[in-house]
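Novice: requesting a structural model of the entry that follows:
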Amino acid sequence: MPKIANIEGTPNPNALKFILKEPLTWGIAHSYDSAEQAKDDPLAAELFEIDHVTNVFYVDRWITVTQDGSANWADLSREVADPIRAAPAAATQSADIIATASTAISGLCSKDQLRLDRINVLLDEEIRPYLQGDGGDLHVVDLKDNVLSVHYQGACGTCPSSISGTLRGIENLLKSIETDIEVVAV
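Specialist: Numbers count the residues shown, from 1 in each chain. Next up is the predicted model:
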């Protein structure tokens, strides 16, 4: 049962990041935008039962909960803390979850897979640590020709600066290795 070490605000005023003393996962991100998506994840499903919760994103030692903007965070944070504390730590989770996780995009030719690998290295080094520091992340959804489709997760998913400044910053950085790349959020 993870204990909460700290609670941090994010650039998205509707999201809080809970820093945990024990990991919830072994590097596998879980991102849900609805109770329907979260129905097979006991922690996320329980969080969506709480009024005003609109998004749940967690990986390793932190979880970001986003609300609809109409709740008081002082009250809501106490309410969401209980299921977080009751969740099983990664050490007790099934290894089957890890075995089924995949970061590859199916159907890519070997040339495009190499391109995607280079892009992911740059994202891992230069972008994801900052997004994760703010309670979010991004997941590469597709690479087709010169268009990279990404999906923002956690606090980044509903943050206005994700779609404007952050997305353009990512595209500009990736142009250092792929001059014709276009990055779109989906």
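
Novice: so the residue lying closest to Asp33 once chain neighbours are set aside, which of the three states?
Specialist: Nearest-residue entry for Asp33: Asn55, 5.6 Å, with adjacent residues in sequence omitted and distances by C-beta to C-beta, 6 or more residues apart in numbering. Using the backbone N, CA and C atoms, a C-beta is placed for each residue, glycine as well. Following DSSP: H, G, I helix; E, B strand; the rest coil, the label given to Asn55 is strand.

Novice: which secondary structure element of the protein has the lowest mean pLDDT?
Specialist: The least trusted helix or strand in the chain, going by mean pLDDT, DSSP states H and E, turns out to be helix 95-100, with a mean of 45.

Novice: which element follows that one toward the C-terminus?
Specialist: Proceeding N to C from helix 95-100, the next assigned helix or strand is helix 110-122, under DSSP states H and E.

Novice: average model confidence for that following helix?
Specialist: Computed over helix 110-122, the mean pLDDT rounds to 92.

Novice: check stretch 134-148 too.
Specialist: Averaged across stretch 134-148, the pLDDT comes to 89.

Novice: CA-only coordinates of that stretch in PDB, if you can.
Specialist: What follows is stretch 134-148 as a C-alpha-only set of coordinates in PDB (Å, rounded to 0.1, in the frame of the first residue of the first chain):
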ATOM      1  CA  ASP A 134       4.400  18.300 -14.100                       C
ATOM      2  CA  GLY A 135       2.200  15.200 -13.600                       C
ATOM      3  CA  GLY A 136       1.800  14.200 -17.300                       C
ATOM      4  CA  ASP A 137       3.500  12.500 -20.200                       C
ATOM      5  CA  LEU A 138       3.000  11.800 -23.800                       C
ATOM      6  CA  HIS A 139       2.500   8.600 -25.700                       C
ATOM      7  CA  VAL A 140       3.500   8.200 -29.400                       C
ATOM      8  CA  VAL A 141       0.400   6.800 -31.200                       C
ATOM      9  CA  ASP A 142       1.600   6.700 -34.800                       C
ATOM     10  CA  LEU A 143       4.300   7.600 -37.200                       C
ATOM     11  CA  LYS A 144       3.100   7.800 -40.800                       C
ATOM     12  CA  ASP A 145       5.300   9.400 -43.400                       C
ATOM     13  CA  ASN A 146       6.500  12.600 -41.700                       C
ATOM     14  CA  VAL A 147       3.600  13.000 -39.200                       C
ATOM     15  CA  LEU A 148       4.200  11.900 -35.600                       C
END
